[in-house]
Each structure stands twice: as structure tokens, then as C-alpha cells.
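**Student:** Give me a 3D structure for the following:
(chains A, B, C and D)
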Number of protein chains: 2
Amino acid sequence: MPATIRDVARASGVHISTVSRTFSAPHLVNPETRVRVLACAEDLGYRPNRAARALITGRTHNIGLIVADIANPFFPPLIKAAEGQARHRDYHVFVADTNEDVAAEEDLVHALAKQVDGVLLCSPRMSNSLIEQVSREVPVVVINRQVAGLPCVMMDVGQGARSAIEHLLGLGHRRIALLGGPRGSWTAREMRRAASAAARAGGAELSLLGPNQPTETGGGALADQVRRSGVTAVLAYNDLMAIGLIEGLDALGLRVPQDVSVVGVDDIALSRLTRPKLTTVATPTAAAGRTAVDMLLQLDSDAPRGARGRGAAAGDRRTTAQVMLQTVLVVRDSTGPVPVPGRDCTGA
Amino acid sequence: MPATIRDVARASGVHISTVSRTFSAPHLVNPETRVRVLACAEDLGYRPNRAARALITGRTHNIGLIVADIANPFFPPLIKAAEGQARHRDYHVFVADTNEDVAAEEDLVHALAKQVDGVLLCSPRMSNSLIEQVSREVPVVVINRQVAGLPCVMMDVGQGARSAIEHLLGLGHRRIALLGGPRGSWTAREMRRAASAAARAGGAELSLLGPNQPTETGGGALADQVRRSGVTAVLAYNDLMAIGLIEGLDALGLRVPQDVSVVGVDDIALSRLTRPKLTTVATPTAAAGRTAVDMLLQLDSDAPRGARGRGAAAGDRRTTAQVMLQTVLVVRDSTGPVPVPGRDCTGA
DNA sequence: CGCGGTTATGCAAAGGTTTGCAGCCGAAGA
DNA sequence: TCTTCGGCTGCAAACCTTTGCATAACCGCG
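**Tutor:** Residues are numbered from 1 along each chain as shown, chains lettered A, B, ... in the order given. Just a heads-up that it's a prediction; the model follows:
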């Protein structure tokens, strides 16, 4: 039923190659011919068969996007942005979800590898060496992680964590806890490093709690630990954990920010809606999505088209740009001055 | 670089057609041969080229999933379920997001249509006639909407709305508001119909507020209207709106459930985390995703493979199953008995 | 009038796989 | 011994498009 290039050629009285060129290299065909062909194509409802095209060009015009968990509100904005940017460049995006599971992540990326032109690895939990191995199979851009030799787009959570700690120091807090993220997360490591440094510089004590599941549940589960640790402020791996923690603290009768200050990371939409509104480190997720798509597309427009021939795979990626996007601390209502010690916090 | 079927054939000393059959029709090849071929394939890292296969079979092994807004927590579980089910059947899912925009929805479905074997239309805002037109281009399964002649999987929000209203009636409420959903939403219509009927049957008055954006913002914006309307209970189109409304009411000094009872729909993860915990109609989103994928795959395994020949497109869909999935009311803390009139609600 | 140079088009190979058909071989039946 | 049949494999066409190369028409210039 669907019209092929041949039908269009017949209808417009030209050779199929002319039809092909009308679409893929319009400047090579006589304007007059072009309009005629275009008209016939339109008329017949012709759309080039992507599979056939892929077969010969070696380009599927699809890209894969692998995230840890679609249900985590951190990802959707990034996904949307990536999708939009890709569509803009006539690409489509496969989104896949690993459920925070390293093994699933590995499977998925292999399954995807063969039918996309490149893969965006967003907040991967895999080891660097695994990532490098994958990148030998298929062009990869890594989001939220630094991997030597691979193009990366990162959000400067180090800077963000530092700002957060400094904000807390400024409010007088000297005993601070960091709720760590999941094992294998680069972001979690960066935060830890930056937060430790900032705390040390400010003469504060930083207790590390983790690793944890980066969810509300994960945050809530730590409430008791936080209380017992006696800290007056907490920096959480992400907003979800921060929110969970606030719930958990509330259940224990501790109020935020009067008794404990809490800072999140990500600035998900939800963080504006909880009570208290969350102080958090805003990460430029949409920008990251767009940038990553651009880098990926750049990457394989550079690659020699018939790159099937040996070589070229691992070697020539000298354009391994690494982009660091800025974060910014958004102060809302979940942080406040350190409680005066000795004064009763629980009551009127 | 990637090994082709020919490489495997050479390595294992058989004809390419045998290799092909080893993968696509194993029972046709001698077990002995099969293991040898498989071994060679494994060895060379051979993976059938999906584009080439698609070219000849006419099946891409991709399906499209179009949703209104990935960022709405209602969708991710459905997406995950669909994706999992699809992967299970060796299909991949393109997720696309229309931003609640009818025009974008139409564009997207057309763009997708040509490169997938079928499309899942989830909570479409398009008109029925548009949907039918699309379904002439590509197999379609509709989620959360009833379209005559098309396979649909619906969640019984009518029943859900009825339960919710009856729950409120049971608590003594007689003046209830329904926060309507977005224009074009089938779910919104169903809810309205069922809620009206149930209210009438219970001798209650139901005010309709809407249509609205199905987001927290949309819900929050209605707080003032709700207060002025003097109702004692509200059924919201979804949890997001319910949560937004509760925030908004709070800002106006109205407490939930003491002053106003609020019921949501969807039972998103978040509804368990807000304070008060939300009473809501749980919808089986994951089941819907799985079912829809199965129906779609069923649909085009029925279709004659070389269905390029005319006919077959619109006609033979006599298996247009329509599945209705049950919903269930989950009573939590956002609903309570109707406030005693005349008693001061605002104070100690 | 012929020549070099554009410009527009046609030709045909190639890309990796599936699949109907035909052929081979050995075994069972006559 | 000769068919027949079934199981397995090979052959080659077909799927639709892109693209390097060849061809043809045309222009302007000498």
C-alpha cells in the first residue's frame, strides 16, 4: 500500500535516483523537476522508507536514551528536552529505563546499541570500564558522569554542593549530614567530595550517610539516623530524598527548618509544592538533554559514514568535548538558622 | 565492522539462508547445524541487522507510545510497563510527549506512524475522527478512551468517580465540586457523567469546575473558586490537581479534611507522601500499559504480513477488543466527615 | 565550429536479510 | 528395486533506497 520511490518516479516521469535526490540532495536537481516530483510525492503520500535508507546509509536516525528511572521526576524534563532536540534534527529517541539496576543497564545498552546511531547514558550506574567497553560498540555520550576519552555533559553538582554547604554555614550550622546517593553514581561522589571540602573549610563536621536509594522512601528511612546523629542540617543527594526525609522527620516530631534544615538537589517541580518549600540546588536538566543530543549527533556526523571498515571506532574521537553546566542554589523555606542549643525545640 | 549473516555463514560452512533460519525458524534446521551456527554467531558477535530485516518483513519491531506529558507522574508507570512488555516480545518503544497539545499530538503520531508497527495512544486529546483517520495509516490501540471500531483499554474511572462520590456522601457531604480535566479528555467526560449521576442519586449537588490543566498549578488555581462555591468536598480530575488544590486551600487557611474533603484520581506515588495523605481512586496504569502492548502486537500479528496489497487496512479489524480495567477507591486522610455547619472551623 | 566546463539526469551496484522453490539424501513403503 | 516422502539445505529474487560514475545537454569562449 505505501507508495515507494518507484511509484513517485513513474508518476513524475523521472528516474528513481532523481526522486531520491529530490529529498536527500535537493540542490542537485532542477528546481522545475523538483517541484513536480515533490507534488507527485505529496500526492501519493510518499514517505521515504527509513529501513531501506538505514540499510544503505548505515544511519538509523534513532538514538537511545538510557535513564535510571523514568518515574524519578528528575528525568522527565531531560527526556523531553532531548526528545525535542532530536526531533528537531529529524531523529527519534528510544527511552529505556533500567530501574536503577546495573545488570539491566548493561543488557539494555547492548540491546539498543545495534539499532540506534548512538546512545545517551544518563546518570549511569555502570563502572567506567563497562562504559568504555560499550563505547567501542556504539557512539556514546555520557550525562552526569565524567569518563576519560568520552564526551560528557555534566552538571556541576560539586559547585552546587559547595554553595549549599556554604549557605548552611552562613546560617550557623556546624554539624551537617550528607545523605549519599546510590552506589556507582558519579554525582554522589562529586557531591561528597565537594561537600566534605566545603565543610572542612568552614570548620564544620560532615557526617556521611549512605549509599541510599535515591527516592522518597530512601530519604524517609534515614530520618531516625539523622535525628540520632544530632546534626542541625542535611544536604540530600536529591530532592526526592530530601522530601522523604522531611516527611520522616515530621513523623518523628522534628520540624523543618526550625529543628533541622534540609537542602535538596535537582529542583524538581515538586520541590516548590511541598511544605516547607524546598531549598535546593537547581540542575539544568533540560539544557543537559539538549546538549547531549547535539554532541551525539555531532559525533556521528564526524564519523566517516561507511565506518564499517576497521579503525575509526575507538581512535579518532579527538573531539571528546566535556561540558560542565552550572548549577545554582535556590533558597526557599526548608533551611533556616541553626536552632539555639539548649532551648526547647519541640514546643510553643 | 559488525558481523553480517554472511560472515556467520562462511565461518560455519553453511549457506546464509540456513543462518537466517537458525534465528527466525530454528525448527527448520538440523539441531547439530544449529548449535554450530549459533556458536559461530556468538563468536563473531553477530546480531541480525534490524533494518535489513524490516525492509523485507515490513516489520520494524518498534512501537510508538504517545502520552500527554511524561512529567505527569501518572504516565511513567504505564510507560515502564509498556516498555517491559514490549521488550519481552522483542519490541522497542518510542515514547513521545505532546505537552498536552493537540496539534503536537497530531504531528507526532504522523511522524511516528511510518517507522513503527503500531502506535499506543495514551489519553489522547485529539478528536475521535482524527484518531480514526490516524488508525487508517497505522495500527492503533487507544488507552483511556473509547473509540468505536478501535481496540481500547480503559480504566473504569466512571466506577471510580462513583465510588468516590458515594464515599463522600457517606461522610455526609451534600455539596460537592468536580474539578474537571483538560478539554478533549475522555476520562474527564466519563468522570463528569458518573459523578453527576451518583451525586444526583444521593441527593447531592455537584458543581463542575473546568476544564483545567491537569497539573498542580491547575488545581491550585481553583482554590479560591472552591472556597467561594461553599462546597464541603471536592473530587479532582487527578492527584496532581488534588494536591495543588490542597496547597491552594491551605494558603487560604482552609484545612483538609477538616474544612474540605478532597479526593484525587490515579494514586500516583506522591499521593502517599503528601500531608494529609490523599484519598484517591487507584487506576491500574501498569496493567493498562501491558494490556495495550499485547493488544497491539496481537493486532498486527493478525494482519497479513505482506499487507501492502490493498484492502486489509481498515476492514478486517473484527478483533477490536475493548478492555475495561477496574479501579478502586483508596481511602486515606484527605477525606473526613462534613464539617458541622455553624461551628467555627478556623480556630482552635 | 570545437572545446572545456557546468548542470541535470540516468544507470546500476550495493546494503543484509527473508523466503518460495528446488534439490539432495536417506528411509520407509510397495 | 523403485517410489515417495520428509527433513534439511542451497539458490536467487525481492525489499527500497542511496550514490559513484557515466551520459547528455547546454553554455560561453576562442
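**Student:** For the spatially most central residue of chain A, give its distance to DNA strand D.
**Tutor:** Closest to where the C-alpha atoms of chain A average out (C-alpha atoms, centre = their mean) is A:C122, at 4.3 Å. Distance of A:C122 to DNA strand D, given as C-beta to the nearest atom of the strand, to the nearest Å: 30 Å. (C-beta placed from N, C-alpha, C; glycine too.)
**Student:** Can you report phi and psi for the closest residue to A:Y46 other than its chain neighbours?
**Tutor:** Closest residue to A:Y46 apart from its sequence neighbours, by C-beta to C-beta, 6 or more residues apart in numbering or on different chains: A:A3 at 4.3 Å. Backbone torsions for A:A3, taken as degrees, to the nearest 10, come to phi -70, psi 140.
**Student:** Can you name the element that comes right after the host helix or strand of A:A54?
**Tutor:** Element membership of A:A54 [criterion: DSSP states H and E] is helix A:50-57. Sequence-wise, the next helix or strand downstream of helix A:50-57 (DSSP H and E) is strand A:62-67.
**Student:** Run a quick neighbour tally on A:S301.
**Tutor:** For A:S301, the neighbour count with other C-beta atoms under 10 Å in any protein chain shown is 11.
**Student:** next SSE after whichever strand or helix holds it?
**Tutor:** Assigning secondary structure by DSSP H and E places A:S301 in helix A:285-302. Sequence order places strand A:322-325 as the next helix or strand after helix A:285-302, per DSSP H and E.
**Student:** Sheet partners, orientation included, of that following strand?
**Tutor:** With DSSP bridges as the test, strand A:322-325 is paired with strand A:152-155 (parallel).
**Student:** Let me see the mean pLDDT of the partner strand.
**Tutor:** Strand A:152-155 comes out with an average pLDDT of 97.
**Student:** Verify the contact between A:S20 and A:R6 for me.
**Tutor:** No. Assessed by C-beta atoms under 8 Å, A:S20 is found out of contact with A:R6, at 10.6 Å.
**Student:** who has more neighbours, those two?
**Tutor:** A:S20 (18 against 12).
**Student:** tell me, how many neighbours does the closest residue to that one other than its chain neighbours end up with?
**Tutor:** In space, and not counting its chain neighbours, A:S20 is closest to A:I5: 6.2 Å by C-beta to C-beta, 6+ apart. Using other C-beta under 10 Å, A:I5 is surrounded by 20 other residues.
**Student:** Please report how far whatever residue of the stretch 151-300 of chain A ends up closest to DNA strand D lies from A:D156.
**Tutor:** Distance from DNA strand D to each residue of the stretch 151-300 of chain A (C-beta to the nearest atom of the strand) is smallest for A:D300, at 13.5 Å. Using C-beta to C-beta, to the nearest Å, A:D300 is found at 27 Å from A:D156.
**Student:** A:L278 too?
**Tutor:** For A:L278, the distance to A:D156 (C-beta to C-beta) stands at 19 Å.
**Student:** And these two? Which one has more around it.
**Tutor:** A:L278 (28 against 19).
**Student:** Contact residues of chain A facing DNA strand D?
**Tutor:** Within chain A, the positions adjacent to DNA strand D are A:2, A:4-6, A:16-17, A:20-21, A:23-25, A:46, A:48-49, A:52-53, A:55-57, A:305 by C-beta under 7 Å from any atom of the strand.
**Student:** what about 10 Å?
**Tutor:** A:1-9, A:15-25, A:28, A:41, A:46-59, A:305-306 (C-beta under 10 Å from any atom of the strand).
**Student:** can you pull the contacts of A:V37?
**Tutor:** Residues counted as contacts of A:V37 (C-beta atoms under 8 Å, 6 or more residues apart in numbering or on different chains) are A:V8, A:S12, A:V14, A:T18, A:V19, A:T22, A:V29.
**Student:** what do you get for A:V328?
**Tutor:** Neighbours of A:V328 in contact, by C-beta under 8 Å, 6+ apart: A:G160, A:S163, A:V281, A:A282.
**Student:** helices and strands of chain A: which one bottoms out on pLDDT?
**Tutor:** helix A:102-113 (a mean of 85; mean pLDDT, DSSP states H and E).
**Student:** now the angle between strand A:62-67 and that helix, please.
**Tutor:** 170 degrees (axes from the mean of the first three to the mean of the last three C-alpha atoms, to 10 degrees).
**Student:** Now whichever helix or strand comes after helix A:102-113 - C-alpha only, CSV.
**Tutor:** The first helix or strand that comes after helix A:102-113 along the chain, using DSSP H and E, is strand A:118-122. Presented in CSV, the C-alpha positions along strand A:118-122 are these (Å, rounded to 0.1, in the frame of the first residue of the first chain):
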residue,chain,number,x,y,z
GLY,A,118,24.2,6.5,19.4
VAL,A,119,23.4,6.2,23.0
LEU,A,120,22.9,8.8,25.7
LEU,A,121,23.8,7.3,29.0
CYS,A,122,22.2,9.3,31.7
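**Student:** Report whether strand A:118-122 contacts chain B.
**Tutor:** No. Strand A:118-122 lies apart from chain B when judged by C-beta under 8 Å from any C-beta of the partner chain; the minimum separation is 12.9 Å.
**Student:** Counting by contacts, list what that strand packs against.
**Tutor:** strand A:62-67, helix A:75-88, helix A:102-113, helix A:128-137, strand A:140-143, helix A:285-302 (3 or more C-beta pairs under 8 Å, 6 or more residues apart in numbering or on different chains; DSSP states H and E).
**Student:** Strand A:62-67 and that one, what's the angle between them?
**Tutor:** 10 degrees.
**Student:** quick one, strand A:118-122 and helix A:128-137 angle?
**Tutor:** Using the same axes, to 10 degrees: strand A:118-122 against helix A:128-137 is 160 degrees.
**Student:** residues making contact with strand A:118-122?
**Tutor:** A:63-68, A:75, A:78, A:82, A:109, A:112-113, A:131, A:134, A:138-145, A:292-293, A:296-297, A:299-300.
**Student:** Buried residues of stretch A:82-97, list them for me.
**Tutor:** A:82-87, A:91-97 (16 or more other C-beta atoms under 10 Å in any protein chain shown).
**Student:** For these, could you give me JSON lines that also reports distance to A:R189 and pLDDT?
**Tutor:** Below are the buried residues of stretch A:82-97 laid out as JSON lines (distance: C-beta to C-beta, whole Å; pLDDT from 0 to 100):
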{"residue": "A:A82", "distance to A:R189": "24", "pLDDT": "96"}
{"residue": "A:E83", "distance to A:R189": "29", "pLDDT": "92"}
{"residue": "A:G84", "distance to A:R189": "30", "pLDDT": "92"}
{"residue": "A:Q85", "distance to A:R189": "28", "pLDDT": "94"}
{"residue": "A:A86", "distance to A:R189": "29", "pLDDT": "93"}
{"residue": "A:R87", "distance to A:R189": "34", "pLDDT": "89"}
{"residue": "A:Y91", "distance to A:R189": "32", "pLDDT": "91"}
{"residue": "A:H92", "distance to A:R189": "33", "pLDDT": "89"}
{"residue": "A:V93", "distance to A:R189": "28", "pLDDT": "90"}
{"residue": "A:F94", "distance to A:R189": "28", "pLDDT": "88"}
{"residue": "A:V95", "distance to A:R189": "26", "pLDDT": "89"}
{"residue": "A:A96", "distance to A:R189": "24", "pLDDT": "88"}
{"residue": "A:D97", "distance to A:R189": "23", "pLDDT": "89"}
